[in-house]
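Asker: pasting the structure only:
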Ligand SMILES: Nc1ncnc2c1ncn2[C@@H]1O[C@H](COP(=O)(O)OP(=O)(O)OP(=O)(O)O)[C@@H](O)[C@H]1O
Ligand SMILES: [Mg+2]
């Protein structure tokens, strides 16, 4: 299919590195043999890529247009560092990385392959679990650039790095690979936002995360792709003992978007995965998470909420694996969905695979409508029905926004969520 | 102010209210008592416009208008307020937000400007103090995790701020401890005026010790089977409802 490997091989970074050529060649073989995932695979049973297969997206990036600058200027966040990818290439001119602490490296993958080849060789491809699917193969074979962040031991970044992904042309396939390497006792806040022109395109972004002992990552993902865009993004994480990984994920855009977050926890490591998806029209928003408790005393907390209107469909597949030696694991997973239309659909599938015997694991799923008693209660206090419903929907969603403590980001996300409720003429609810 | 004539109400084909007649004038306090399941909450809900009830006969006039035709929010803006027997919890919506939205909805309906933020806060803080509530309640989600008594107090707080004309209190006294009952009763008494009427649904005389009703009605099997003055409540406290229900059967 033309989505894939009509790549101009010579234009990819790191072509002179034999190990990378092998890495890409292996991925290409896998991709050619297997293609993109299909619903026959258990992990993709709710998400058909048939509509994507019919598209012709090209991986050759034209020069950026003014629209990107427009999109980019809307994404400017106070109190952050910034690195910008336009059509899958880091654009240094739009980036802002001054004042990073001593020793912290934030650079393009292309530059890192030249200047820090050994570091990339050591990490690239090592954060994924054994099962790799077509999107990962596609990405490995053809990533055009990406971002590499290396935070040395003991260094704490006191504000987020905002990684802006934007697409400026229709029918592009944008394919990036990033690495976040966080050494012992170091700490990083990382925000990815995705968007582009109001047209069809495909963005594929894979981020591998390596958290050394007692390292900490707070990752935010703001998926605000065009309403015609296809989006696949995976974050795959390896957590050393006592490390801590938190993700806040907001899935708002795209016609078909799949997000994967996988992490593997060593002794006493912790992860917290929060997600909010707001579907409207015919959006299909899929979330696949996999938490592997590989060693004892690790903790995972997962909370995903979905609001699904019109003919949209939300998918949550949460897999938790507790390996035999991972005693004293504590794991909680919840997924709550609000269906606002009889044509909307929520598919929720928690999968617990527990091989240890001394563990505390719980999971819960709800799919429901707005509580009519609450609607009436608000009406009985003088609020009209439409406002009452909007307030309740917003309140449901806002619980996830309220978890964001970085003020400029909180404000941006609040705006992004509020714009999804056009009839909602209200201010933030919980004061 | 309120005139209910021969009101009959069904829930899913089942008759719940079976010919209610009740006249309430401004300045009056009416207590409604009666056995569990007799239809007291149903009457309260129907007055506030809760969906799910079929009005199969009779009329309800409020300030000369047909109440049945009004949407619940219009009734609220026109001054009908129900303090619920079981107030709902609304996660994610703060108390102070709801109070402000509600007050502004009422003010807008009355042709007034939105309340100034500072004025609003000092109003709310004054009211919350008279109800002996902590200001922290303002910033908590509406009723979420509130104790039974805290929820009831919160209903009265909303009432105190909205200053409705017709206050319907459905078992506001149930679940209140002795001190809280006194505070809530004082809150209600503070709202008494010649322009305002109260319908208080209660099972106990103890509320009526603080707020003396002008009329007491007994609702049984969907009908008002007996009406009287404040003494009737005392008699009921002593004798229960048995004698009335028998009287109704033979009548
Ligand atoms: N949704 C419903 N479906 C069927 N029956 C209902 C419904 N709601 C109320 N009822 C019935 O209507 C009758 C009156 O209920 P209501 O709640 O009005 O009683 P009440 O007088 O307020 O009782 P209590 O003193 O226990 O609060 C009861 O028999 C109750 O079971
Ligand atoms: Mg009742």
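Answerer: Now that the structure is in, tell me what you want to look at. Not measured: the values here are computed from a predicted model. Ligands and ions are numbered 1, 2, ... in the order given.
Asker: from here on, contacts and neighbour counts on C-alpha atoms
Answerer: OK.
Asker: who touches the helix or strand residue A:217 falls within?
Answerer: Using DSSP states H and E, residue A:217 maps to strand A:216-223. Outside strand A:216-223, the residues within contact range by C-alpha atoms under 8 Å, 6 or more residues apart in numbering or on different chains are A:182, A:185-195, A:211, A:243-254, A:413.
Asker: Write out the residues of chain A neighbouring ligand 1.
Answerer: Within chain A, no position is adjacent to ligand 1 by C-alpha under 6 Å from any ligand atom.
Asker: What ranges does chain A have for its helices?
Answerer: In chain A, helices defined by DSSP state H lie at A:18-34, A:50-53, A:66-74, A:109-115, A:117-123, A:134-142, A:372-379, A:385-401, A:407-418, listed in chain order.
Asker: sorry, back to before: just the ones of the contacts of strand A:216-223 in strands?
Answerer: A:182, A:187-195, A:211, A:244-251 (DSSP state E).
Asker: burial count for whichever residue of the stretch 51-200 of chain A sits closest to chain B?
Answerer: With C-alpha to the nearest C-alpha as the measure, residue A:191 is the residue of the stretch 51-200 of chain A nearest to chain B, at 25.0 Å. Residue A:191 is flanked by 22 other residues according to other C-alpha atoms under 10 Å in any protein chain shown.
Asker: Likewise for residue B:13?
Answerer: When neighbours are defined as other C-alpha under 10 Å, residue B:13 has 10 of them.
Asker: Then residue A:209?
Answerer: 26.
Asker: do residue B:14 as well
Answerer: 9.
Asker: State the distance from it to residue B:1.
Answerer: Going from residue B:14 to residue B:1 by C-alpha to C-alpha, to the nearest Å gives 29 Å.
Asker: Over to residue A:99?
Answerer: Residue A:99 sits 71 Å away from residue B:1, taking C-alpha to C-alpha as the criterion.
Asker: Please say which of the two ends up with more neighbours.
Answerer: residue B:1 (18 against 7).
Asker: I figured residue A:78 hits residue A:408, correct?
Answerer: Yes - shown here, residue A:78 and residue A:408 form a contact pair, counting by C-alpha atoms under 8 Å, at 6.0 Å.
Asker: So which residues of chain B form helices?
Answerer: So, for chain B - with DSSP H - the helices run B:40-48, B:72-77, B:95-109, B:117-130, B:148-162, B:178-191, B:205-210, B:230-239, B:242-250.
Asker: Could you export those as CSV, including mean neighbour count and mean pLDDT?
Answerer: Compiled in CSV, these are given as follows (neighbours: other C-alpha atoms under 10 Å in any protein chain shown; pLDDT from 0 to 100):
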stretch, mean neighbour count, mean pLDDT
helix B:40-48, 22, 96
helix B:72-77, 26, 97
helix B:95-109, 21, 94
helix B:117-130, 14, 92
helix B:148-162, 22, 93
helix B:178-191, 17, 90
helix B:205-210, 17, 90
helix B:230-239, 16, 84
helix B:242-250, 12, 57
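Asker: Figure out which of those is closest to chain A.
Answerer: Among these, helix B:72-77 comes nearest to chain A, with 4.2 Å by C-alpha to the nearest C-alpha.
Asker: How about the closest one and chain A, touching?
Answerer: Yes - counting by C-alpha under 8 Å from any C-alpha of the partner chain, chain A has neighbours in helix B:72-77: B:72, B:73, B:74, B:75, B:76, B:77.
Asker: Now for the second one: which residues touch it?
Answerer: Residue B:73 makes contacts with A:379, A:380, A:381, A:382, A:383, A:384, A:385, as judged by C-alpha under 8 Å, 6+ apart.
Asker: try the third one
Answerer: Residue B:74 makes contact with residue A:382 under the criterion C-alpha under 8 Å, 6+ apart.
Asker: in stretch A:76-91, what counts as buried?
Answerer: Residues A:76-77, A:80-90 are the ones in stretch A:76-91 that count as buried (16 or more other C-alpha atoms under 10 Å in any protein chain shown).
Asker: ugh, wrong one, I meant stretch A:413-423
Answerer: Buried, per 16+ other C-alpha under 10 Å, within stretch A:413-423: A:413, A:414, A:416, A:417, A:418, A:421.
Asker: Ok, which of the helices of chain B comes nearest residue A:224?
Answerer: helix B:95-109 (28.6 Å; C-alpha to C-alpha).
Asker: From the contact counts, what lies against the closest one?
Answerer: Other elements packing on helix B:95-109 under the criterion 3 or more C-alpha pairs under 8 Å, 6 or more residues apart in numbering or on different chains; DSSP states H and E are helix B:72-77, strand B:141-142, helix B:148-162.
Asker: Report the angle between that helix and helix A:372-379.
Answerer: Here helix B:95-109 runs at an angle of 50 degrees relative to helix A:372-379 (axes from the mean of the first three to the mean of the last three C-alpha atoms, to 10 degrees).
Asker: Going by proximity to ligand 1, name the top residue of the stretch 1-150 of chain A.
Answerer: Residue nearest to ligand 1 within the stretch 1-150 of chain A (C-alpha to the nearest ligand atom): residue A:46, separated by 37.1 Å.
Asker: Any idea what residue B:23 is bridged to?
Answerer: Counting by DSSP bridges, residue B:23 forms beta bridges with residue B:3.
Asker: Wait, it touches residue B:29, no?
Answerer: No - using C-alpha under 8 Å as the test, residue B:23 is too far from residue B:29 to be in contact (11.1 Å).
Asker: related to what we said a few turns ago, output the buried residues of stretch A:76-91 as a markdown table; include the columns pLDDT and distance to residue A:162.
Answerer: What follows is the buried residues of stretch A:76-91, written out as a markdown table (pLDDT from 0 to 100; distance: C-alpha to C-alpha, whole Å):
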| residue | pLDDT | distance to residue A:162 |
| --- | --- | --- |
| A:76 | 84 | 9 |
| A:77 | 89 | 8 |
| A:80 | 95 | 6 |
| A:81 | 96 | 6 |
| A:82 | 95 | 5 |
| A:83 | 96 | 6 |
| A:84 | 94 | 8 |
| A:85 | 94 | 11 |
| A:86 | 93 | 14 |
| A:87 | 92 | 16 |
| A:88 | 93 | 15 |
| A:89 | 93 | 15 |
| A:90 | 94 | 13 |
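Asker: Looking at residue B:23 and residue B:29, which has the bigger crowd around it?
Answerer: residue B:29 (21 against 12).
Asker: Kindly state the pLDDT recorded for residue B:24?
Answerer: Here, the pLDDT recorded for residue B:24 equals 97.
Asker: and it, what does it touch?
Answerer: Counting by C-alpha under 8 Å, 6+ apart, residue B:24 touches B:1, B:2, B:3, B:30, B:197.
Asker: Of the helices of chain B, which is nearest residue A:261?
Answerer: helix B:95-109 (35.6 Å).
Asker: Can you check what pLDDT the model gives residue A:130?
Answerer: On the pLDDT scale, residue A:130 gets 68.
Asker: should've said residue A:183
Answerer: Residue A:183 carries a pLDDT value of 98.
Asker: what separates it from residue A:194, distance-wise?
Answerer: For residue A:183, the distance to residue A:194 (C-alpha to C-alpha) stands at 27 Å.
Asker: what does residue B:140 give?
Answerer: Computed as C-alpha to C-alpha, the residue B:140 to residue A:194 distance reads 34 Å.
Asker: okay, those two: which has more neighbours?
Answerer: Set residue B:140 next to residue A:194 and count neighbours by other C-alpha under 10 Å: residue A:194 wins out with 24 against 21.
Asker: what sits against the more buried one?
Answerer: Per C-alpha under 8 Å, 6+ apart, neighbours of residue A:194: A:164, A:165, A:166, A:222, A:223, A:224, A:225.
Asker: Turn these into JSON lines, columns for pLDDT and neighbour count.
Answerer: What follows is the contacts of residue A:194, written out as JSON lines (pLDDT from 0 to 100; neighbours: other C-alpha atoms under 10 Å in any protein chain shown):
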{"residue": "A:164", "pLDDT": "95", "neighbour count": "23"}
{"residue": "A:165", "pLDDT": "95", "neighbour count": "28"}
{"residue": "A:166", "pLDDT": "93", "neighbour count": "26"}
{"residue": "A:222", "pLDDT": "96", "neighbour count": "22"}
{"residue": "A:223", "pLDDT": "96", "neighbour count": "23"}
{"residue": "A:224", "pLDDT": "94", "neighbour count": "18"}
{"residue": "A:225", "pLDDT": "96", "neighbour count": "30"}
